[in-house]
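A.B. asks: Mind looking at a prediction? Sequence and model below.
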2 protein chains.
Amino acid sequence: MNKKAVVLLSGGIDSATTLAVAKSMNFEIYALSFRYGQRHIIELESAKRVARHFDAIRHLIADIDLGLIGGSALTDKIDVPKNRDLQDLSKNIPITYVPARNTIFLAYALAWAEVIGAEDIFIGVNALDYSGYPDCRPEFISAFEKMANLATKSSVENKRGIKINTPLIEMSKAQIIQKGSALGVDFSLTHSCYDPSADGAACGECDSCLLRLAGFRAAGIADPVKYN
Amino acid sequence: MNKKAVVLLSGGIDSATTLAVAKSMNFEIYALSFRYGQRHIIELESAKRVARHFDAIRHLIADIDLGLIGGSALTDKIDVPKNRDLQDLSKNIPITYVPARNTIFLAYALAWAEVIGAEDIFIGVNALDYSGYPDCRPEFISAFEKMANLATKSSVENKRGIKINTPLIEMSKAQIIQKGSALGVDFSLTHSCYDPSADGAACGECDSCLLRLAGFRAAGIADPVKYN
């Protein structure tokens, strides 16, 4: 029997590629997404399509209450910034940062991993993210893993460890797109835009669209999603 | 202005006493509870009364989806054990253990602390708990704190640290009850039973009732809640 892995899946390029990597390592895929007060639920539709595309054993969508806590342009009523210089993105933590988001997501993944008996969790953080988001940095992931190995019944009783896998952590967006492409990710199923129009078309101007478009350009691959 | 603290509040004796300790240290209280698929929502009514009693600035009840993940007698349809020998409780992890619960609760507390600018989180884990629950042990709390200090924007930008306060960690149940009593906790507002009757009376037979009753006896204080 193949080993099980819990894969955090947002429906964007990074998590779709991460799922493809886990699949290529012969893990049974338990995909985990969140309904967390995102303004655009279209992300979850993308996540469902990606999970189906890669034959996930289960795809769990957990409802969590980040909107109640607030503090981010992704969950609060703060405007999403548009057409910023990509050079600037690495200098400050973006206001689209959701407080402690990866801590919360990984905590759920840990709970589910324990219940299904998985020792592996996959998360698609990468070099571009961790210049802006503190909870994408390798030192955060490593500290989370240490904590996780003290947190669970299985770690105490069976000395079974939890590994937080970050296959994209050293990759640029272009490298992720090339990797995903090689592993059969259908990027038309993915969604990145922070501010899509009602029909789901991407704005092409938010930080996420700008990074995505630059990544596809650098990878020499056409982006199959629709832009306004 | 007083410093702010996020206090995890379940409505039981331990978290009520923890809140009283934070209050006695002149923190402004931001109480945080969870609706997590507990079978008995009466816990939350106790939490609300305790928060009100100690003039919490806010009391947030976050909806989270632990029931969906499953794996515990507290969220799944597994029978709550009754009339066990208290000596046995310390030997095995109880089936009322909820996978990664404190990791998830503390992750939310961390998110809220960041949004409101609090540097202190209080959680009522103690010596009795941590013989049974891995995520109540001091080494877990310490690893969580290390991780938290790598997870947030404020820890990166302002070098502002997060402290996880565990004022009860070395205390027995009797000591907690004496401490709470000295700090003005009204224990008639609290709730501990895993299996209360419809009118809210405690069963007196589950692990939680047995520990509570033994604690009150050892403290030489009468337990004001109603038992069947």
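C.D. replies: That came through fine. Numbering: from 1, shown residues only, chains lettered A, B, ... in the order given.

A.B. asks: Please count neighbours and contacts with C-alpha atoms only from this point.
C.D. replies: Fine.

A.B. asks: Chain B contacts on chain A?
C.D. replies: Residues of chain A found near chain B (Cα under 8 Å from any Cα of the partner chain) are A:62-65, A:68-71, A:93, A:99-101, A:103-104, A:107-108, A:110-112, A:114-115, A:133-135, A:139-140, A:143-144, A:146-147, A:150-153, A:156.

A.B. asks: Please pick the buried ones from those residues.
C.D. replies: Neighbour-count burial (16 or more other Cα atoms under 10 Å in any protein chain shown) applied to the residues of chain A next to chain B gives A:62-65, A:68-71, A:93, A:99-101, A:103-104, A:107-108, A:110-112, A:114-115, A:133-135, A:140, A:143-144, A:146-147, A:150-153, A:156.

A.B. asks: which ones among the residues you listed are found in strands?
C.D. replies: A:62-63 (DSSP state E).

A.B. asks: What ranges does chain A have for its helices?
C.D. replies: Applying DSSP state H to chain A gives helices spanning A:13-24, A:42-53, A:66-69, A:86-89, A:101-116, A:127-132, A:138-151, A:153-157, A:173-182, A:207-219.

A.B. asks: Would you single out the least confident of those?
C.D. replies: Comparing mean pLDDT over the helices of chain A, the weakest stretch is helix A:86-89, at a mean of 62.

A.B. asks: what about the closest residue to A:Asp195 other than its chain neighbours, distance to B:Val156?
C.D. replies: Excluding its sequence neighbours, the residue lying closest to A:Asp195 (Cα to Cα, 6 or more residues apart in numbering or on different chains) is A:Cys203, at 6.1 Å. Between A:Cys203 and B:Val156 the distance is 30 Å, computed by Cα to Cα, to the nearest Å.

A.B. asks: before we move on, what about A:Ala174?
C.D. replies: Between A:Ala174 and B:Val156 the distance, using Cα to Cα, works out to 27 Å.

A.B. asks: what's the answer for A:Cys209, then?
C.D. replies: For A:Cys209, the distance to B:Val156 (Cα to Cα) stands at 26 Å.

A.B. asks: likewise A:Pro81?
C.D. replies: On the measure of Cα to Cα, A:Pro81 and B:Val156 end up 22 Å apart.

A.B. asks: hang on, isn't the residue nearest to A:Asp195 packed against A:Leu213?
C.D. replies: No. Counting by Cα atoms under 8 Å, A:Cys203 does not reach A:Leu213; the two are 11.1 Å apart.

A.B. asks: tell me what the lengthiest strand in chain A is packed against?
C.D. replies: Assignment by DSSP E gives strand A:28-35 as the longest strand of chain A. For strand A:28-35, the elements it packs on are strand A:4-8, helix A:13-24, helix A:42-53, strand A:58-63, judged by 3 or more Cα pairs under 8 Å, 6 or more residues apart in numbering or on different chains; DSSP states H and E.

A.B. asks: Please name the strands paired to the shortest one in the sheet, noting orientation.
C.D. replies: For strand A:4-8, the paired strands and their directions (DSSP bridges) are strand A:28-35 (parallel), strand A:120-122 (parallel).

A.B. asks: Sounds good, over and out.
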